[in-house]
Every structure is written in C-alpha cells, then in structure tokens.
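Visitor: can you look at this prediction? I've put the sequence above it.
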Amino acid sequence: MHASLSFDQAPPISVPYRFFLVAPWFGATAGILLVWAGADALGSRWTPEALALTHLIALGFMLQAMCGALFQFIPVAVGGNVWRPRLVANTVQPLLLLATLLLVAGLLFGRPVLLSAAVPLFLLAIGGFVTVVALALWQTPATGMTLWAMRMAIAGLAITVLLGSLLAEALAHGFAVPIVDLTNVHLGWGLGGWALMLLAGVSYHVVPMFQLTRPYPSWFTRSFGLLLLGFLLAWSSRLLLDDALWSPLIAYPLLLILSAYAGTTLWLQYTRRRKIHDATSLYFRVAMLSMLAFAVSGTVYFLRPELGADPRFVVWLGVLALVGVFVSAITGMMYKIVPFLNWLHLQRLGAPISAVPNMKKMIPADAMTGQLRLHVLAVLMLLTAVWQPGLIRPAGLALAASFVWLGCNLAGAVRRYQGFRDQIRAAA
Amino acid sequence: MSITTPLFQHHKHCDEVFARAEDACANADWVEGEQAFALLCDQLETHFSSEEELLFPAFETATGMTSGPTEVMRGEHRQMRDLLAQMRGALAARDSDAFGGAAETLLILMQQHNMKEENILYPMCDNALGASDVGASLAARLKAS
C-alpha cells in the first residue's frame, strides 16, 4: 500500500508552468474580443461573442490553470502519484490549447467544421487527463474530504466535457437535442461539479494554510460536496422532467449551499490568526464576495421572473461566476503557488538556502496588488456594461489589461527563476 | 486519542507563535518580535527533534521503511532550520522586508509539510505504532516544552 505514496513535491516545475503561463493570454483574448465586438456582445448568453467569451475564460483560463495546479496539488495534498506527469502535461496542454481555439472560433464564426474538429481533441485531452488523475486519486492511501471533493470534481469534469461534446456536435450537425436544457446541465456540471467542487476541496487545505485560519467545520466539509453533487444530479433531471416549478426548487437550496461556502470562508478569513494581508487573501475575498453576489442575484432571478426574463440577467450571473469568482480565486492561488515553486525548485539545485532568494523576491508585491486592483475594476466595469452596452469596449479593455498584467507577472517570475538558477549553477 | 494527536495539536500552537512573530516584525515591534521568534525557534526545534528522535525511528523500525516519507520529512526539517537562520539574521539586522520574505517562505513550506504529515504520515504512524508507548513519550516531550 505504501509503495504508491508520493512524498516528493513532484512534478518538474515545467509541468504546472506550461499551463499557468498560457492561461492569462486566453483571458486577454477574451478582453480583446469584447473590444472588437462592442455593444452587442453581451445582449444575451447566446450571442456568438458571449459563447466564445465564456469558453475563452472557462477553458482557456480556468481549465488550463486548474489542470496545471492539480498536477502540483495531488502529490502534496493527497499523496497521489500522477503517472508520467511531464509526458501527460506535454500532450494534454497543447491539445487543450488547440481544441479551445477551434471551439472558440467555431462558436464565434458559426463554423460547424471547427466545432466538429474541436470535439475529438477535447475528448482525447480531457479523457487522458481525467484517466491519469482519477488513477492517482483512487490509488492513494490518503483519506479526507479534500480527496473526496477532488474525486467528485474530476468526475464532474468528465461529465462536463461529454455534455459539451454532445452540444458541439449537435450545433455542428443540427441534431435534434434540447439545446437549452442540455446547456444548462452542461454549465451546472462545469461550474458546480468541476470548478466549484475543486475550489472547495482545495480551499479546505489552502485557506487555513495560507492565512492560518481555523479549519472548515467538519460538518461542513462532510456535507458540502455530497449536497452539491446531489443537487447537480437533481438539476440534471430537467432533461427528463419538464416542470417549471422544478428548477427553482433545486436552485434555491443550491444557492444556499454556495452562500454557506462563501460565508464560511469569509468568516474563517475574518477570524484568522495571521494578520498580514496579501494579494492571495484579498483575491480570495473578492471571489467569495462575488459568490455571495451570485447567490443573491440567482435568488432574485427565480423570485422575480419579470427581471429574469431580461436575457442580460443571465449574462450578469455569468460575469459574476466566471470573472468574479473563478478568475479571482485562481489568480490568487497562482500568486502563492508560483513564488513557492520557484523557491522550492531553486533550493533543490543544491545551493545553500541562504543563496536562494525568498518567495517575496519572485513577484513584486506591488505588481500583484496593482494587478488585483485592475482586475476588480474590470469585474465592476463588466457588470455595469451588461446593463450599459456603451461601456463594453472600455470594460473589455480593462479585462484584457488585467490579464496581460497577470501574464507579465507570471512570465517575470519564470524569468527570475531562470536568472537565479543560472546564478546558482554558475556559483557551483 | 491517537499517538500523533499531540504532534497535530502542536502544529497549531506553532502556527500561533509564527503569526505573532510575523506580525510583530512586520510592524517593526522588535521587542515583541524577538520574544515571539525565540519561542517559535524553541517550539519548532522541540517538534522536529521529537519526530526525528522518537517517532521516525519507531516508524522505521516497525515498517522497515527508512528511505521513504521519513527521509523527505527530515530533509524538510533541514530546510526549515535554514529559513529560521535567515529570519534570525534579518531580525538582528532589523530588516522587516528580509524577515517577511523568509517568514512567508517558511510558512508555506511548514504548512505543506504539516499537510503531508497530518494527512498521510501520521495516519501511517498511528497504524504502525498504535500499540507502542511512543505516544506517551511524544506527549511528555512536547508538554515539557
């Protein structure tokens, strides 16, 4: 049993960085797309621009970053052995990149051939990734709710990609499928079953770890993932059950457990032992406040159907979830992971630790907090632009600029790693 | 109570002391910083040596695993001792930035080290050493500190 334990902080540094370095540029492309598309882009969730934008953020930024982080997190947090991480990353990452570009172009320009071309690439990339990660997660002897959340999340990713592939093929070939319901189920699994499940599972570790908070209450960690899974299964039943009352009945408790997660995280942060604020803790706060805003808005959507009838309302929800919650939480995590990995891999070169620059030398603190401010401004401008289309271009510009800044901060960290590495080798 | 429960609780105690030292030095409160940092060094050294001299040898004898998890943990203890030395230098020089940078690095290293111990190594030790008297020795040593 013990032979399967990975106690090393594997994998090679290039594995997570391959994903992290690419992710922000998809976000920047999303911002540029908004600038290019202008006032009509966010009129409803179904415009080609909104669909392309959603997938640039969800696949290009979020999925890239989350895949890279999982390669790093699985060995350390749950002692799992990912099979040949370098080979898997070198295969999955370019496939995912290409598949995302094809899908986004297919959605934006209405080209069925591009959608059809993207599907096998996604199935190959994510199929391979899910298989390797699932093996690591099921073979580890570790226990705990983070492990269970990660197992459920990886299943959620598989379901999301299968449903997404079906939708893409349906759009490409005009299959008679219930597109709207299928899309709602697809996004439920993508945002809830994969992204939120993983975020929550990782939070159980990293919120107490980075900010020295108390642990999440065990009743919460034991019930959150199962409740989320249960409600997502119920949410999926809309494909079979066509009842107008059914959706709110599932949505209200779902929004309640989102609020419970966000509220608990904010409370833990508020009562933390570590008094120092940094970009990561602030980013997490922005993410949790956005989640609360999402839950309140979602409740209004179901309580006041006349407001919910405006197609822009769902776009507002999408901006809160994608840019407000997930881009914020992921960026905050990268700002902690990248400096630490730089340090960890540099000190492994064999130099005395005094010769290895500490974490704060890897990305200047001012650059991180400046980028955070620009990101918050972009979120606020995007939310306003949903109702004031004249603001879409400036909001897109702010979004693009914040992602470019993030990309430069991460690239700068990698350059510093290379510079310090060369110095240490030269000194040796 | 499992045999590693005292070590688990001692991690939390060390976190408290770390936060005190970091906060004081960030605010240039050097008197409080010196006191809290001295306590942090003392507590971490007691923790490391309890593991290296009591828990790990008992685990290695019981399981025959001498080059696995315990070896990695010993290596991380060395890294943390080196970072404490950097912090000591920064404190002596009254350099908040240098202290904060080393402290941040120590915190993340320490936390991911604790995560591996609490989630993986300690449960393995509890399984392998459940019937031994190592737990009582550990508890006594940590309490004496």
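Guide: Received, thanks.

Visitor: from here on, contacts and neighbour counts on C-alpha atoms
Guide: Will do.

Visitor: grab the longest helix from chain B for me.
Guide: For chain B, the helix that runs over the most residues, judged by DSSP state H, is helix B:69-92.

Visitor: what comes up buried for that helix?
Guide: Within helix B:69-92, the residues that count as buried by 16 or more other CA atoms under 10 Å in any protein chain shown are B:69-71, B:73-74, B:76-77, B:79-88, B:90-91.

Visitor: identify the residues contacting residue A:99.
Guide: A:117-119, A:121-122 (CA atoms under 8 Å, 6 or more residues apart in numbering or on different chains).

Visitor: mind checking the SS state of residue A:82?
Guide: coil (DSSP: H, G, I helix; E, B strand; the rest coil).

Visitor: count residues in the vicinity of it, would you?
Guide: Residue A:82: 24 surrounding residues under other CA atoms under 10 Å in any protein chain shown.

Visitor: check the gap between it and residue A:112 for me.
Guide: 36 Å (CA to CA, to the nearest Å).

Visitor: and residue A:71, by the same measure?
Guide: Residue A:71 is 33 Å from residue A:112, by CA to CA.

Visitor: okay, the two: which has more neighbours?
Guide: Neighbour count, other CA under 10 Å: between residue A:71 and residue A:112, residue A:71 has more, with 24 against 20.

Visitor: wait, isn't that one in contact with residue A:85?
Guide: Yes. Contact criterion CA atoms under 8 Å: residue A:71 and residue A:85 qualify, at 7.1 Å.

Visitor: joint contacts of those two?
Guide: A:11, A:15.

Visitor: pLDDT below threshold where in chain B?
Guide: Applying pLDDT under 70 to chain B picks out no residues at all.

Visitor: which positions in it make contact with chain A?
Guide: With CA under 8 Å from any CA of the partner chain as the criterion, chain B comes near chain A at residues B:15-16, B:19-20, B:23, B:68-69, B:72, B:79, B:82-83, B:86, B:101-102, B:104-105, B:107-108, B:111-112, B:115-116, B:119-120.

Visitor: 6 Å - rerun?
Guide: B:19, B:69, B:101-102, B:105, B:111, B:120 (CA under 6 Å from any CA of the partner chain).

Visitor: where along the stretch 301-428 of chain A do the helices fall?
Guide: For the stretch 301-428 of chain A, applying DSSP state H, counting those that start in this stretch gives helices covering A:305-308, A:312-319, A:328-347, A:365-387, A:392-427.

Visitor: no wait, the stretch 151-300 of chain A
Guide: Under DSSP H, counting those that start in this stretch, the stretch 151-300 of chain A gives helices at A:179-187, A:197-211, A:218-236, A:246-270, A:279-303.

Visitor: got TSV for those, with mean neighbour count too?
Guide: Formatted as TSV, these follow (neighbours: other CA atoms under 10 Å in any protein chain shown):
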stretch	mean neighbour count
helix A:179-187	17
helix A:197-211	22
helix A:218-236	17
helix A:246-270	18
helix A:279-303	21
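
Visitor: among these, which is nearest chain B?
Guide: Chain B lies closest to helix A:197-211 among the helices of the stretch 151-300 of chain A, at 5.7 Å (CA to the nearest CA).

Visitor: between that closest one and helix A:279-303, how many degrees?
Guide: Per axes from the mean of the first three to the mean of the last three CA atoms, to 10 degrees, the angle that helix A:197-211 makes with helix A:279-303 is 140 degrees.

Visitor: got the contact list for helix A:197-211?
Guide: A:146, A:149-150, A:153, A:214-215, A:274, B:111 (CA atoms under 6 Å, 6 or more residues apart in numbering or on different chains).
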